[in-house]
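Asker: Please work out how this folds:
(one chain, ligands or ions: 1)
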Amino acid sequence: MKKILLLITISFFFAINCKEKTEEQVEPKGVYFIEPQDGAEVTNPVKIKMGVGGMEVVPAGEIKEGTGHHHIIIDGPDYIEAGQVIPSDEKHLHFGQGQTETELNLPPGEHTLTLQFADGEHKSYGKEWAKKIKIIVKETEEQSNTNQEKK
Ligand SMILES: [Cu+2]
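Answerer: Next up, the predicted model:
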């Protein structure tokens with residue numbers, strides 16, 4: 001509630017002071033999926049685009065304030081506690097070269113994807129730097145054909 005009030009106050013301030021200026025787009029702080037959208041129905045390979053506001057994406061290796069890299073956790077928690085090292089396995093993907101795009105192959109059905117930003121030593125930046133979405137992976141025609149053959 002306080003945040004909303006603050007936003008309203010700020011908006012009002014801008015409205016009366018910068019009438020001539022067009023509204024500047026301030027990138028929100030945090031991570032977000034540019035693609036896919038929350039709740040989207042997708043097919044393999046699932047194209048993923050990762051975004052971050054308020055931090056810089058850099059390759060892993062060096063600890064530098066205000067920088068880090070993306071991670072995707074498949075069917076995992078909402079976030080990884082700040083300071084904890086993110087595991088590295090088939091459910092925890094690191095984009096340690098500073099990638100912001102990838103493609104995933106997931107079994108058909110409902111899945112969650114957690115985007116988690118972490119520092120150069122893969123230590124999580126915590127809840128504020130995480131975003132979880134749900135997606136539904138549809139079978140491609142090829143897959144449903146093979147499944148039918150099996151029956
Ligand atoms: Cu990492």
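Asker: interface residues of the chain facing the ion?
Answerer: Contact residues, the chain versus the ion (C-beta under 5 Å from the ion): 94, 122. Yep, even glycine has a C-beta here, placed from its N, CA and C like the rest.
Asker: Who does the residue nearest to the spatial centre of the chain form a beta bridge with?
Answerer: The centroid of the chain falls nearest to L115 when counting by C-alpha atoms, centre = their mean (3.4 Å). With DSSP bridges applied, L115 shows beta-bridge pairing to I72, K131.
Asker: What residues does it make contact with?
Answerer: 31-33, 50, 70-72, 130-133 (C-beta atoms under 8 Å, 6 or more residues apart in numbering).
Asker: In JSON lines: those, plus distance to E139, neighbour count and pLDDT.
Answerer: Below are these laid out as JSON lines (distance: C-beta to C-beta, whole Å; neighbours: other C-beta atoms under 10 Å; pLDDT from 0 to 100):
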{"residue": "V31", "distance to E139": "29", "neighbour count": "24", "pLDDT": "98"}
{"residue": "Y32", "distance to E139": "28", "neighbour count": "15", "pLDDT": "98"}
{"residue": "F33", "distance to E139": "22", "neighbour count": "19", "pLDDT": "98"}
{"residue": "M50", "distance to E139": "25", "neighbour count": "23", "pLDDT": "98"}
{"residue": "H70", "distance to E139": "28", "neighbour count": "24", "pLDDT": "98"}
{"residue": "H71", "distance to E139": "27", "neighbour count": "25", "pLDDT": "98"}
{"residue": "I72", "distance to E139": "22", "neighbour count": "19", "pLDDT": "98"}
{"residue": "A130", "distance to E139": "29", "neighbour count": "22", "pLDDT": "98"}
{"residue": "K131", "distance to E139": "26", "neighbour count": "20", "pLDDT": "98"}
{"residue": "K132", "distance to E139": "24", "neighbour count": "16", "pLDDT": "98"}
{"residue": "I133", "distance to E139": "20", "neighbour count": "16", "pLDDT": "98"}
